[in-house]
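In: I'd like to go over a predicted model; first the sequence, then the structure.
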Amino acid sequence: SRRHHQAEGEVAISSLQAYHGKLNVSIDLRDKPGKILDNGQIYIQAANIDMKPWLGQWVRESTGIDNADFSLSSWIEINEGEAESIFLNLAHGQVYWRTKAQSHQIQFDNQRVKLAKRAGGWRLDAPRLRLISDGKAWPESSRLSLFWQPEAKGQEEILRIRASQMQLDDLTPTLPIFTFLSPEKISPWLSLNPSGELSIFALDLPLAAPEQFDVLAKWKEISWDQWQGLPSIEHLNGLMIGNLRNGHFDLSVTDSLSYYEGMFKAPLEITNAQSRVFWKKQDERWTLWTDGVDIQAKSLWINGDMSFSYAKDDGPWLSILAGINLTDAGDAWRYYPEELMGEELIYYLTNAIEGGRARDATLIFEGNPTHFPYRDHDGKFQVFVPLKDATLQFQPTWQPLTELSINLDFINNGLWMISDNAKLGKLDSHRIEASIPAYQDNELLLDAEIKGQGQDIYDYLKNSPLSDSVAAALEQVQITGDVAGRLSLQIPFTNEEIVE
């Protein structure tokens with residue numbers, strides 16, 4: 001028929017240096033009145049196409065790609081003289097690229113992609129991602145869809161991205177390819193080395209104003225490494241809905257080890273944690289706040305709320321109010337902030353506090369976090385801990401305070417302790433005051449009122465650094481009966497001598 005056109009042919013692809021593959025092309029098109037080659041199909045089959053000669057210097061330097069080859073089949077539907085849909089089957093292929101550290105490869109294995117016109121735009125669907133990156137196969141449940149809507153009357157140009165069942169560690173090897181887009185944003189990802197599943201991802205991106213995006217994401221079993229001021233995490237599940245103007249996170253963690261080297265001496269052993277976090281941007285101020293924070297970790301349970309705001313002219317402001325239960329004060333050393341308290345103080349308190357428990361302790365934080373620990377009193381940090389049934393080994397050469405109920409009050413840059421009931425050996429104390437007025441001074445001031453039998457006071461001092469002085473004098477006097485006294489000590493955290 002004059003209106004029906006069919007053709008077949010073969011196209012060899014070569015350069016002056018070598019043969020790079022071939023294309024088989026079949027055309028089946030029909031005319032309409034007044035229009036030529038207006039409807040029909042075009043079929044293209046490419047066998048072992050070597051892309052290396054066409055990878056220019058910019059591609060090599062910007063993406064690291066140094067070679068690629070593929071075989072594919074493609075069906076193109078023509079309607080009214082324009083391509084209406086394209087079905088692509090990548091039978092096999094691979095792309096190779098290099099980073100400074102190592103070589104990478106991504107392979108295609110019968111990867112099917114459909115590109116079709118929709119509502120004036122174009123939609124791309126990959127219902128199964130049959131990919132292998134650096135030898136690791138992607139789950140066949142992974143899916144990807146893109147929709148591009150051009151600018152038109154009454155609507156803006158927009159790109160919509162939809163993905164599901166994506167493994168983050170599968171994406172990581174491919175990121176160096178995109179360093180030319182935004183190297184400073186890719187570098188943190190590579191340092192964090194995240195893993196886990198991105199179950200749902202939906203992004204609507206206005207291309208003329210990308211900052212006006214909308215996003216929905218759901219993830220499970222996410223983990224990442226510690227990076228700069230961000231601690232590591234394991235087994236993080238959550239949901240995010242929002243945009244730059246407002247939105248919220250739902251976060252939960254189960255059985256996670258969180259490393260924060262430089263801040264805490266040991267990883268945080270989190271049994272369970274959950275929170276809902278909101279954010280909002282109004283004018284030039286960012287605000288982030290929680291609707292409940294519940295964290296259960298080794299010997300620790302925290303429940304409370306926090307808010308954080310930032311404005312360029314005012315700087316950051318952090319507010320926290322939380323209740324704390326501590327089942328074993330012997331584990332409190334895990335939660336001492338090393339950056340604030342210093343190694344010597346943490347070492348002292350770790351060895352000094354043995355056992356004990358606290359219920360309804362309180363954490364208060366109010367101020368600019370960059371000014372912490374508020375030596376100039378321009379903010380407030382306080383942790384009040386009513387400790388029960390504890391032992392305080394305040395100095396190795398002295399007998400400890402036992403059966404101790406004591407209030408620990410961490411305020412800004414210091415610690416104050418008050419007790420109305422404790423035992424020093426067989427002696428009773430109904431008033432003990434101890435303090436570390438400034439952490440950087442590395443010393444504890446102890447003042448205790450003691451009461452007991454004269455023989456018990458002698459025995460206590462005999463087993464102390466005062467055995468050669470005060471205890472020796474008491475031995476000569478032979479004190480008996482009820483005796484009351486006062487014990488005052490200045491105890492350095494280093495190897496300096498105690499001042500009595």
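Out: Received it, and whenever you're ready, just let me know what you need. Numbers count the residues shown, from 1 in each chain.

In: Now stretch 270-284 - C-alpha only, CSV.
Out: This file holds the C-alpha atoms of stretch 270-284, laid out as CSV (Å, rounded to 0.1, in the frame of the first residue of the first chain):
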residue,chain,number,x,y,z
ILE,A,270,19.3,2.1,73.3
THR,A,271,16.6,-0.5,73.9
ASN,A,272,13.8,1.6,72.6
ALA,A,273,13.3,5.2,71.5
GLN,A,274,10.5,7.1,69.8
SER,A,275,9.5,10.7,69.0
ARG,A,276,7.5,12.9,66.7
VAL,A,277,9.4,15.9,65.5
PHE,A,278,7.9,18.9,63.8
TRP,A,279,9.6,21.8,61.9
LYS,A,280,8.4,25.1,60.7
LYS,A,281,9.9,28.1,58.9
GLN,A,282,8.4,31.5,59.3
ASP,A,283,10.0,34.6,57.9
GLU,A,284,13.7,34.1,58.7
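
In: Show me where the stretch 51-200 of the chain dips below the pLDDT cut-off.
Out: For the stretch 51-200 of the chain, the stretches flagged by pLDDT under 70 are 54-63, 100-101, 176, 178-185.

In: and what of the chain?
Out: 1-2, 16, 54-63, 100-101, 176, 178-185, 454-481, 494-500.

In: Show the residue spans covered by the helices in it.
Out: In the chain, the segments counted as helices under DSSP state H are 57-63, 168-171, 183-192, 338-341, 343-352, 454-462, 470-477.

In: What number of residues are in the vicinity of A208?
Out: 9 (other C-beta atoms under 10 Å). C-beta coordinates here come from the backbone N, C-alpha and C atoms, glycine included.

In: correct me, but it touches E156?
Out: Yes. A208 is within contact range of E156, at 6.0 Å (criterion: C-beta atoms under 8 Å).

In: which residues touch stretch 230-244?
Out: Outside stretch 230-244, the residues within contact range by C-beta atoms under 8 Å, 6 or more residues apart in numbering are 192, 196, 211-226, 247-260, 263, 267-268, 279, 281.

In: next one: stretch 379-393
Out: If you take C-beta under 8 Å, 6+ apart as the criterion, stretch 379-393 is touched by 324, 326, 329, 351-368, 371-374, 400-412, 422.

In: One more: stretch 283-300?
Out: The set of residues external to stretch 283-300 that reach it, using C-beta under 8 Å, 6+ apart, is 268-281, 301-314, 322, 324-332, 334-335.

In: Which members of those are positioned in strands?
Out: Among these, DSSP state E puts 268-281, 301-311, 322, 324-326 in strands.

In: Mark which of the residues you listed are buried, thanks.
Out: Those of those that meet the buried threshold are 268-270, 273-277, 279, 301-302, 304, 306, 308-309, 322, 324, 326, by 16 or more other C-beta atoms under 10 Å.

In: how about the strands in the stretch 101-250 of the chain?
Out: Applying DSSP state E, counting those that start in this stretch to the stretch 101-250 of the chain gives strands spanning 103-118, 121-126, 131-133, 136-137, 143-149, 158-167, 195-206, 214-224, 233-243, 246-258.

In: now these in a markdown table, with distance to F493 and mean neighbour count?
Out: Supplementary listing: the strands of the stretch 101-250 of the chain in a markdown table, determined by distance: least, C-beta to C-beta, whole Å; neighbours: other C-beta atoms under 10 Å:
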| stretch | distance to F493 | mean neighbour count |
| --- | --- | --- |
| strand 103-118 | 51 | 16 |
| strand 121-126 | 62 | 17 |
| strand 131-133 | 52 | 18 |
| strand 136-137 | 51 | 12 |
| strand 143-149 | 58 | 17 |
| strand 158-167 | 49 | 18 |
| strand 195-206 | 41 | 17 |
| strand 214-224 | 36 | 17 |
| strand 233-243 | 33 | 18 |
| strand 246-258 | 28 | 16 |
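
In: May I see these arranged in TSV, with distance to F87 as well?
Out: What follows is the strands of the stretch 101-250 of the chain, written out as TSV (distance: least, C-beta to C-beta, whole Å):
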stretch	distance to F87
strand 103-118	5
strand 121-126	10
strand 131-133	18
strand 136-137	23
strand 143-149	15
strand 158-167	19
strand 195-206	25
strand 214-224	29
strand 233-243	34
strand 246-258	37
